[in-house]
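Undergrad: Sharing a model that was predicted from the sequence below.
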Amino acid sequence: MDFFPIFLKLNDQTCLVVGGGDVGLRKARLLRAAGAHVTVVSPELSPAMAAYVAAEGLHHRAEPYSPRCLDGMRLVYAATDDEAVNQAVYRDCEARGILINAVDQPEICRFITPSIVDRSPVIIAASTGGAVPVLARHLRARLETLIPAGYGDMARIAGEFRLAVKAALPDTTSRRLFWEELLSGPFAERAMNGQADAARALAQQALDAADAATLTKGEVFLVGAGPGDPDLLTFRALRLMQMADVVLYDNLVSDAILDLTRRDADRIYVGKKRADHAVPQDDLNLLLVKLAQEGKKVLRLKGGDPFIFGRGGEELETLAEYGIPFQVVPGITSAAGASCYAGIPLTHRDYAQGVTFVTGHRREGEQTLDWTKLTNPCETLVVYMGITQAPSIAAELVANGRRADTPVAIIEKATTPQQKVHVGTLGTLGEVIATAGIKPPALLIIGDVVKLHGKLAWRG
Ligand code: SAH
């Protein structure tokens, strides 16, 4: 972080704008919006600045800048077109510990002015650290469209209940959960749509019913995190990720996704590279139970979809046995992610009328797949966890009648910036794997649909 974001209370504080032109005027307006007393120092004022100074009754010192102008100032904008003057203002402010911004000269700024979305009392500030201010403005434009105009009203109405909620729910956890529930329900709808009285009634009702014991009851969220690209999370996944007290994740969950979980949540890595189970499955199931029994909201984040080769079902069975409440959120399974991001439709009227997902990984002593059922040339086969076994899988398929020239794609790290697609055939698969140096996670797509990759690849 090159700049530390804070919000300053400038109400009734004296601030200085050095410069009487239109740039200074913009800063004077901003300061006035925050309730500051503004002094403008400049021998002359532009007509617009002169009009503003008169209309707002600002203090104008009609003289060149000198250090004594800084007396009593909390914050200063240097907005002249003379760099030497701006430099001098910066030097003097630094010497006296006054916050200084020289407009468009990030190297002589102690603070910078962000792009602001104002839904008072909600204020959102975005900055690129002075590097690309236009980008911050783009972001602001997006936020403006994203955040309903009524957001401020909602914050105000909710604020009216703050002290009552604090009195009814003295511990911070139950209070946080109360607000999370209230703000994601009909209260928010009403408050943002101008139905203030209805919103107040709902808040009061929720407050009357609020009970710390129910609010802080433990629960497990089994959430599919998708194949890697954080953009592929569902809204529901994101919401539950923000509510978690503790997160259990494995190596299929990318850092970019973990960063979207609640900042205060504890994170527990529960492993799972092949043959390296950081926490064995049985212990993991019981850990989920234990954490929920302690009253925690437990987020079990899984790569892809939790019910596709994810052992999510086993984890839930244990929870059900112990009577722990849970919710399950589907995720985009890696076959779907890889298919779309590699431009290989899993079905296509000309090439495949069906698709089968199988795993190449077998438990000790487990029956192998019935390969005779997987040789239909009109069907696509997706193999999860199949890279190590790929040569023998290819051999089985060919031995059972699938053509050796059937195209195969190996997609590694699908949907992430490191995604790679290698194409071969069942006949050449062993060779491709031996030479390509495939990095996990990766999956195989087998079938004529792979021919479309050349035409439809949009991500490499
Ligand atoms: N529940 C997961 C699958 C877990 S099994 C899902 O729905 O996707 C783990 C296997 O998934 C890996 O061995 C690999 O075959 C596949 N996989 C997971 N993420 C992947 C990714 N980003 N790219 C390619 N394959 C992936």
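TA: All right, it came through fine.
Undergrad: Spatially nearest residue to the closest residue to the ligand within the stretch 101-250 of the chain (excluding sequence neighbours)?
TA: Per CB to the nearest ligand atom, residue 227 is where the stretch 101-250 of the chain lies closest to the ligand, at 3.9 Å. For every residue, glycine as well, the C-beta is placed using N, CA and C. Excluding the flanking residues, the one nearest residue 227 by CB to CB, 6 or more residues apart in numbering is residue 337, at 3.3 Å.
Undergrad: ok, how many other residues are close to that neighbour?
TA: Applying other CB atoms under 10 Å, we find 24 residues neighbouring residue 337.
Undergrad: tell me the SS of residue 301?
TA: On the three-state scheme (DSSP: H, G, I helix; E, B strand; the rest coil), residue 301 is labelled strand.
Undergrad: ok, the residue nearest to residue 227 touching residue 232?
TA: Yes - under the criterion of CB atoms under 8 Å, residue 337 is in contact with residue 232, at a separation of 6.4 Å.
Undergrad: what residues are shared contacts of those two?
TA: Shared contacts of residue 337 and residue 232 (CB atoms under 8 Å, 6 or more residues apart in numbering): 226, 415.
Undergrad: which other residues reach stretch 62-70?
TA: 16, 18, 39, 41-44, 61, 76, 80, 85, 88-89, 92-93, 96, 98.
Undergrad: Dihedrals phi and psi, the residue of the chain found nearest the ligand?
TA: Here the residue of the chain nearest the ligand is residue 304; by CB to the nearest ligand atom that distance is 1.9 Å. Backbone torsions of residue 304, given as degrees, to the nearest 10, read phi 70, psi -130.
Undergrad: can the host helix or strand of the residue nearest to residue 227 be found next to the ligand?
TA: Remark: residue 337 resides in helix 334-342, with elements defined by DSSP states H and E. Yes - judged by CB under 6 Å from any ligand atom, helix 334-342 and the ligand are in contact via 334, 338.
Undergrad: and the helix or strand following that helix, what does it pack onto?
TA: As assigned by DSSP H and E, the chain's next helix or strand after helix 334-342 is strand 354-359. With contacts taken as 3 or more CB pairs under 8 Å, 6 or more residues apart in numbering; DSSP states H and E, strand 354-359 sits against strand 379-384.
Undergrad: Mind giving me the packing neighbours of whatever helix or strand comes next after the strand it packs on?
TA: As assigned by DSSP H and E, the chain's next helix or strand after strand 379-384 is helix 390-399. With contacts defined as 3+ CB pairs under 8 Å, 6+ apart, helix 390-399 has these neighbours: strand 379-384, helix 429-436, strand 442-446.
Undergrad: Quick check: residues of the stretch 351-460 of the chain near the ligand?
TA: Residues of the stretch 351-460 of the chain lying near the ligand by CB under 6 Å from any ligand atom: 384, 385, 411, 413, 414, 415, 441, 442, 443.
Undergrad: Secondary structure class of the residue nearest to the second one when sequence neighbours are not counted, three-state.
TA: Here the nearest residue to residue 385 in space, its sequence neighbours aside, is residue 361; by CB to CB, 6+ apart that works out to 3.9 Å. Assigned by three-state DSSP, the conformation of residue 361 is coil.
Undergrad: List the contacts of residue 361.
TA: Shown in contact with residue 361 (CB under 8 Å, 6+ apart): 274, 384, 385, 386, 389.
Undergrad: next one: residue 239
TA: Counting by CB under 8 Å, 6+ apart, residue 239 makes contact with residue 184.
Undergrad: Now the helix or strand hosting it - C-alpha only, PDB.
TA: Counting by DSSP H and E, the element that carries residue 239 is helix 235-243. Taking C-alpha atoms only, helix 235-243 is exported to PDB below (Å, rounded to 0.1, in the frame of the first residue of the first chain):
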ATOM      1  CA  PHE A 235     -23.200 -14.100  -5.600                       C
ATOM      2  CA  ARG A 236     -24.300 -16.500  -2.900                       C
ATOM      3  CA  ALA A 237     -20.800 -18.000  -2.600                       C
ATOM      4  CA  LEU A 238     -19.400 -14.400  -2.100                       C
ATOM      5  CA  ARG A 239     -22.000 -13.500   0.400                       C
ATOM      6  CA  LEU A 240     -21.300 -16.600   2.600                       C
ATOM      7  CA  MET A 241     -17.600 -16.100   2.200                       C
ATOM      8  CA  GLN A 242     -18.100 -12.700   3.800                       C
ATOM      9  CA  MET A 243     -19.900 -14.200   6.700                       C
END
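Undergrad: Can you give me the buried ones in that helix?
TA: 237, 240, 241, 243 (16 or more other CB atoms under 10 Å).
Undergrad: Which helix or which strand is home to the closest residue in space to residue 77 that isn't next to it in sequence?
TA: Spatial nearest neighbour of residue 77, chain neighbours left out: residue 27 (4.2 Å); criterion: CB to CB, 6+ apart. Per DSSP H and E: residue 27 is located in helix 22-33.
Undergrad: Pairing partners for the helix or strand that that helix is followed by, with directions?
TA: With elements assigned by DSSP H and E, the helix or strand that comes after helix 22-33 is strand 37-41. Paired neighbours of strand 37-41 in the sheet (DSSP bridges): strand 14-18 (parallel), strand 59-61 (parallel).
Undergrad: How far off centre is strand 37-41?
TA: The chain centroid and the centroid of strand 37-41 are separated by 41 Å under CA atoms, centre = their mean, to the nearest Å.
Undergrad: Just the residues contacting that strand, thanks.
TA: Residues outside strand 37-41 that contact it (CB under 8 Å, 6+ apart) are 12-20, 24, 28, 31-32, 49, 53, 56, 58-61, 63-65, 69, 73.
Undergrad: Rounded mean pLDDT for it, please.
TA: Averaging pLDDT along strand 37-41 gives 98.
Undergrad: going forward can the numbers begin at 18, since that is how I track them
TA: Right, with 18 as the first residue, what we last looked at is strand 54-58.
Undergrad: Now do it against helix 39-50, angle only.
TA: Relative orientation of strand 54-58 versus helix 39-50 (axes from the mean of the first three to the mean of the last three CA atoms, to 10 degrees): 160 degrees.
Undergrad: Next secondary structure after strand 54-58?
TA: Following strand 54-58 in sequence order, the next helix or strand is helix 64-73 (DSSP H and E).
Undergrad: helices or strands up against that following helix?
TA: helix 39-50, strand 54-58.
Undergrad: just how off-centre is that helix within its chain?
TA: Computed by CA atoms, centre = their mean, the chain-centroid distance of helix 64-73 equals 43 Å.
Undergrad: State the mean pLDDT of that helix.
TA: In this model, helix 64-73 carries a mean pLDDT of 96.
Undergrad: One more: stretch 349-367?
TA: What stretch 349-367 shows for mean pLDDT is 98.
Undergrad: Just the C-alpha atoms of that stretch, please, in PDB.
TA: Provided in PDB are the C-alpha atoms of stretch 349-367 (Å, rounded to 0.1, in the frame of the first residue of the first chain):
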ATOM      1  CA  ILE A 349     -18.700 -24.100 -11.700                       C
ATOM      2  CA  THR A 350     -17.100 -27.500 -12.000                       C
ATOM      3  CA  SER A 351     -13.600 -27.500 -13.700                       C
ATOM      4  CA  ALA A 352     -14.900 -29.400 -16.700                       C
ATOM      5  CA  ALA A 353     -17.300 -26.600 -17.400                       C
ATOM      6  CA  GLY A 354     -14.700 -23.900 -16.800                       C
ATOM      7  CA  ALA A 355     -12.000 -25.700 -18.900                       C
ATOM      8  CA  SER A 356     -14.500 -26.300 -21.700                       C
ATOM      9  CA  CYS A 357     -15.600 -22.700 -21.900                       C
ATOM     10  CA  TYR A 358     -12.200 -21.100 -21.400                       C
ATOM     11  CA  ALA A 359     -10.500 -23.500 -23.900                       C
ATOM     12  CA  GLY A 360     -13.200 -23.100 -26.500                       C
ATOM     13  CA  ILE A 361     -14.200 -26.800 -26.500                       C
ATOM     14  CA  PRO A 362     -18.000 -27.200 -26.100                       C
ATOM     15  CA  LEU A 363     -18.700 -30.400 -24.200                       C
ATOM     16  CA  THR A 364     -21.600 -31.200 -26.500                       C
ATOM     17  CA  HIS A 365     -22.100 -30.000 -30.100                       C
ATOM     18  CA  ARG A 366     -24.700 -31.200 -32.600                       C
ATOM     19  CA  ASP A 367     -22.000 -32.200 -35.100                       C
END
